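*Asks:* Model the following, please.
(chains A, B and C)
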Amino acid sequence: MSGARKKPPTLAEIYETLLNAYGPQGWWPLLEHNGTNPTKTGSITGYHPGQYDFPKTERQRFEICIGAILTQNTAWINVERALFVLEQMDALTPEGLGALRDDQVRMAIRPAGYFNAKTRKLRELAAFHTALNGRVPDREELLAVWGVGPETADSIRLYAYGQKEMVVDAYTRRILEHLKLVQPNSKYDDLKGLCINGLPEDLIVYQEFHALLVEHAKRCYARRPFQDNLLR
DNA sequence: AACCAGGACGTGA
DNA sequence: TCACGTCATGGT
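*Replies:* Down below sits the predicted model:
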């Protein structure tokens, strides 16, 4: 029937549908699984689908933390470029990063935009990471770091430290609003709570759910008017 | 050629 | 609390 509109799917149904459509994503993307200087948009070469034992090293853990900062309001392809340069400069560790001058960091992360602010954010993050001394940070202390907001804190917790922390981002909001599962202007914690309540409390589910929403949004929510033939 | 991209912070009501 | 301006490069 034309014009007929199904009831909005539940979060569990969204997860099932997206997983079935796109398969496991394998986040967080890592340079190790990328290899070359990234030039193409939509590159998913950094993913490691089906493998959930990442990060395998402290270096990878810190790379994820840096990526979480650099990707703030920024396309991932440009973050990859910045990460690639940092790697070439051996700056994907707190020590390596600390050995660079501000102007060197600015140049390295230039493709990721906001290079002045993000240089400071990386400094703050590196200091925090070092002070942690291997301990898993809780959410509150991450939020206390300058430059780390709710999404960045949750991303670091979920993907760098393997904690069951639900991540909400602009894509999550856009999709859930479009499906009328939340009102416009909902707060971060409201969206987060909705996702938590609608999904099994499972690390892999949390990691895949967010990654799947990003993949789906890149395909169907890139430009308005949004046309989501998969979920509605 | 606007518009958008896996936000967060500072400011003034 | 909250709306708004700011930060900046690169793709479409």
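*Asks:* Give me the neighbour count for the nearest residue to residue A:216 once chain neighbours are set aside.
*Replies:* On the basis of C-beta to C-beta, 6 or more residues apart in numbering, the spatially nearest residue to residue A:216 that is not a chain neighbour turns out to be residue A:18, at 5.4 Å. Every C-beta, even on glycine, is put in place using the N, C-alpha and C of the backbone. Per other C-beta atoms under 10 Å, the neighbour tally for residue A:18 reads 21.
*Asks:* I'd say residue A:18 and residue A:214 touch.
*Replies:* No - at 10.1 Å, residue A:18 and residue A:214 do not qualify as touching, with contact defined as C-beta atoms under 8 Å.
*Asks:* The residue nearest to residue A:216 in helix, strand or coil?
*Replies:* Reducing the assignment to helix, strand or coil with DSSP: H, G, I helix; E, B strand; the rest coil, the entry for residue A:18 is helix.
*Asks:* Pull up the residues of chain A that are close to DNA strand B.
*Replies:* Remark: the part of chain A in contact with DNA strand B comprises A:27-29, A:67-68, A:71-76, A:78, A:113-114, A:117, A:145-153, A:155, A:159, A:169-171, A:174, A:214, A:217-218, A:221-224, using C-beta under 7 Å from any atom of the strand.
*Asks:* and these near DNA strand C, which?
*Replies:* Those of these which are also neighbours of DNA strand C are A:73-75, A:78, A:113-114, A:117, as judged by C-beta under 7 Å from any atom of the strand.
*Asks:* Export those residues as CSV, with columns for secondary structure, pLDDT and neighbour count.
*Replies:* CSV is the format used below for those (DSSP: H, G, I helix; E, B strand; the rest coil; pLDDT from 0 to 100; neighbours: other C-beta atoms under 10 Å):
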residue, secondary structure, pLDDT, neighbour count
A:73, coil, 98, 8
A:74, coil, 97, 17
A:75, coil, 96, 15
A:78, helix, 97, 18
A:113, coil, 98, 16
A:114, coil, 98, 15
A:117, helix, 98, 13
